[in-house]
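Enquirer: let's see this in three dimensions:
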Amino acid sequence: MSNLPERFQVPDNLNAVSPAEYEGGSRDQVRMMVLDQSLPKPLHNQFNQIGQYLNPGDILVLNNSRTIPPVLKGKQGKNPVEVRLSREISTNQWEALVLGPLTQANAAIILPDEMKAYITGTGSEHPLVTLTFSESGRSLLDFLYRYGEPVRYEYIDQPWPLDAYQTVYGSLPGSVEMASAGRAFTWKLLNSLKAKGIKLAFIQLHTGLSYYEKNRWPDPRNHPENYRVPEDTVKMIQSVKSEGNRVIAVGTTVVRALESSVNCNGELVAHSGVTTLYVDHHHKHSVVDGLLTGFHEPEASHLDMLASFLPESTLMNGYNEAIQKGYLWHEFGDMNLLLPSRKRT
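Expert: Here you go, the predicted model:
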């Protein structure tokens, strides 16, 4: 794993606590730091100027998974229980984090509107469990939208509506946390990029929980997520690559999905399934040439992936400069565009 977590800390005042559009601006009026390996130092700009760093013929690949409200409040006996869904296993089963005192492993967790959930197995890793619900399919999804809430971590000091946790282009419900690298895009900005000759394509990767509370983090080597890379996206990427242009992933989820869809011959193919791919500094990218992402906390495994694009010294210098300049972290925060040298090995 990367040594970056040992080399910086994020001051509390740099935790973004509210969406830009709720502060009187628009989504794309956050800041952006550009780490271009061909340049001696980071560049700083507003995110809505991202077109300055992209070339006609480049392609942005976005994750159009839509955020669902995965947090449910219930009881087991007289004890309050909080359920945080993490990954759909089947039409009535989810991996989930259950918070609260459980008195009986086999007793039902009673949720609103007579919905019940039972712990029927372990999850992919501790402390996740497998929950089986008394309803399934569309009925279960409708229940989530009626009674569920967005995941809200301790740095967010007030609840925000589910729309605040969506990208403007998210269309396929399934993520329990927002694919936040694309949050700052507006339709106006996306259309202006298309007018410049920058292509847009989509994949789906339904994000799981990124934190298990009590200083527990997912093991990046065993963190399954459901994904799909469609044929039309593959064809667009192949065309872009054949013309010598760049594939820019909007978020670590896109990197994971695309690199998981590379066959044994190093070719990108259409695919859907469950990925457990762990991308760190040893990974050689077959598809992705650059990455747009947010700023990640020291403990997050996302930093390991960033080190596959740029040397750790470049990332560390950039992160220290971002802290000095007051960039904001987390899902409502500022953006970071990574553009490695095309010849990096």
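Enquirer: how many other residues sit next to the closest residue to residue 267 other than its chain neighbours?
Expert: Using C-beta to C-beta, 6 or more residues apart in numbering and skipping the chain neighbours, the partner closest in space to residue 267 is residue 286 (8.0 Å). From N, CA and C alone the C-beta is placed, and that goes for glycine too. Applying other C-beta atoms under 10 Å, we find 15 residues neighbouring residue 286.
Enquirer: how about the strands in the stretch 151-300 of the chain?
Expert: With strands called from DSSP state E, counting those that start in this stretch, the stretch 151-300 of the chain shows them at 172-175, 199-206, 225-229, 247-250, 271-275, 290-293.
Enquirer: picking that back up, I'd say the residue nearest to residue 267 and residue 264 touch.
Expert: No: with contact defined as C-beta atoms under 8 Å, residue 286 does not count as touching residue 264 (11.0 Å).
Enquirer: let me see the contact set for the residue nearest to residue 267.
Expert: Going by C-beta atoms under 8 Å, 6 or more residues apart in numbering, residue 286 touches 259, 262, 266, 267, 268.
Enquirer: switch those residues over to JSON lines; also include neighbour count, distance to residue 48 and pLDDT.
Expert: What follows is those, written out as JSON lines (neighbours: other C-beta atoms under 10 Å; distance: C-beta to C-beta, whole Å; pLDDT from 0 to 100):
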{"residue": "259", "neighbour count": "21", "distance to residue 48": "29", "pLDDT": "98"}
{"residue": "262", "neighbour count": "17", "distance to residue 48": "33", "pLDDT": "97"}
{"residue": "266", "neighbour count": "9", "distance to residue 48": "36", "pLDDT": "93"}
{"residue": "267", "neighbour count": "12", "distance to residue 48": "35", "pLDDT": "96"}
{"residue": "268", "neighbour count": "21", "distance to residue 48": "30", "pLDDT": "98"}
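Enquirer: between those residues, which sits nearest residue 197?
Expert: Sorting the contacts of residue 286 by how near they are to residue 197, with C-beta to C-beta, puts residue 268 at the top with 21.8 Å.
Enquirer: need the phi and psi values for residue 73.
Expert: Dihedral pair for residue 73: phi -110, psi 130, per degrees, to the nearest 10.
Enquirer: so how far is residue 161 from it?
Expert: Remark: distance between residue 73 and residue 161 (C-beta to C-beta, to the nearest Å) = 17 Å.
Enquirer: ok, residue 190 next?
Expert: 22 Å.
Enquirer: low-confidence regions, the stretch 51-200 of the chain specifically.
Expert: Applying pLDDT under 70 to the stretch 51-200 of the chain flags the ranges 103.
Enquirer: which parts of it are helices?
Expert: For the stretch 51-200 of the chain, helices defined by DSSP state H, counting those that start in this stretch occupy the ranges 137-147, 187-195.
Enquirer: with just CA atoms, put the last one into PDB.
Expert: Just to be clear, that refers to helix 187-195. The C-alpha coordinates for helix 187-195 follow below in PDB (Å, rounded to 0.1, in the frame of the first residue of the first chain):
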ATOM      1  CA  TRP A 187     -25.200  19.900 -17.800                       C
ATOM      2  CA  LYS A 188     -24.000  23.300 -19.000                       C
ATOM      3  CA  LEU A 189     -20.400  22.400 -18.400                       C
ATOM      4  CA  LEU A 190     -20.800  18.900 -20.000                       C
ATOM      5  CA  ASN A 191     -22.400  20.400 -23.100                       C
ATOM      6  CA  SER A 192     -19.600  23.000 -23.400                       C
ATOM      7  CA  LEU A 193     -17.000  20.200 -23.300                       C
ATOM      8  CA  LYS A 194     -18.900  18.300 -26.000                       C
ATOM      9  CA  ALA A 195     -19.000  21.400 -28.100                       C
END
